[in-house]
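*Asks:* Next come a sequence and a model predicted from it.
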Amino acid sequence: MNNLVKNIEFSKVLNLRDLISYQENQVISRTIAQTPSANITLFSLDKGEGISSHVTSGDAVVQILDGTAEITIGDNVFNVKENETIVMPSGVPHGLEAHEKFKMLLTVVKH
């Protein structure tokens, strides 16, 4: 049987924040699951790094695991910190920038 979840240990209590490290001047990603209808990915971004504005075909749930992120959704800017969550709706331009380093879990549910 092929597991849908990958790059993470099964049947073990884990701290998601510890599963991805920071790298100087880089955006690091670690795919946890990828199917035609959903993607789950861990990200770490060093200070000054970002993901440029783009549009997705699914709703994107961002859970901040460490640090603070500046997230732009359409014309609105949000400062989201550790243990907070925001949803970026499909079809609306969104992007983010690290004013300080941060880690997030991104879950995209596609239409």
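*Replies:* Nice, thanks for sending it over. Residues are numbered from 1 along each chain as shown.
*Asks:* Low-confidence ranges, this structure, go.
*Replies:* 1 (pLDDT under 70).
*Asks:* Would you map the helices across it?
*Replies:* For the chain, applying DSSP state H gives no helices.
*Asks:* And the top strand by length along the chain, what does it pack against?
*Replies:* Secondary structure of the chain per DSSP state E: the longest strand is strand 58-73. On a contact count with 3 or more Cβ pairs under 8 Å, 6 or more residues apart in numbering; DSSP states H and E, strand 58-73 meets strand 38-45, strand 76-81, strand 85-88, strand 94-97, strand 102-110. Every residue, glycine included, has its C-beta placed from N, CA and C.
*Asks:* who wins for proximity to Arg30 among those?
*Replies:* Checking the helices and strands packed on strand 58-73 against Arg30 by Cβ to Cβ gives strand 38-45 as the closest, at 4.4 Å.
*Asks:* quick one on the thing from earlier: export the helices and strands packed on strand 58-73 to TSV and tack on distance to Asn15 and mean neighbour count?
*Replies:* Output for the helices and strands packed on strand 58-73, formatted as TSV (distance: least, Cβ to Cβ, whole Å; neighbours: other Cβ atoms under 10 Å):
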stretch	distance to Asn15	mean neighbour count
strand 38-45	11	20
strand 76-81	17	12
strand 85-88	17	16
strand 94-97	22	20
strand 102-110	11	20
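*Asks:* Quick one: the ones you listed as JSON lines, columns for distance to Val5 too.
*Replies:* Shown next, in JSON lines, are the helices and strands packed on strand 58-73 (distance: least, Cβ to Cβ, whole Å):
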{"stretch": "strand 38-45", "distance to Val5": "8"}
{"stretch": "strand 76-81", "distance to Val5": "25"}
{"stretch": "strand 85-88", "distance to Val5": "20"}
{"stretch": "strand 94-97", "distance to Val5": "25"}
{"stretch": "strand 102-110", "distance to Val5": "12"}
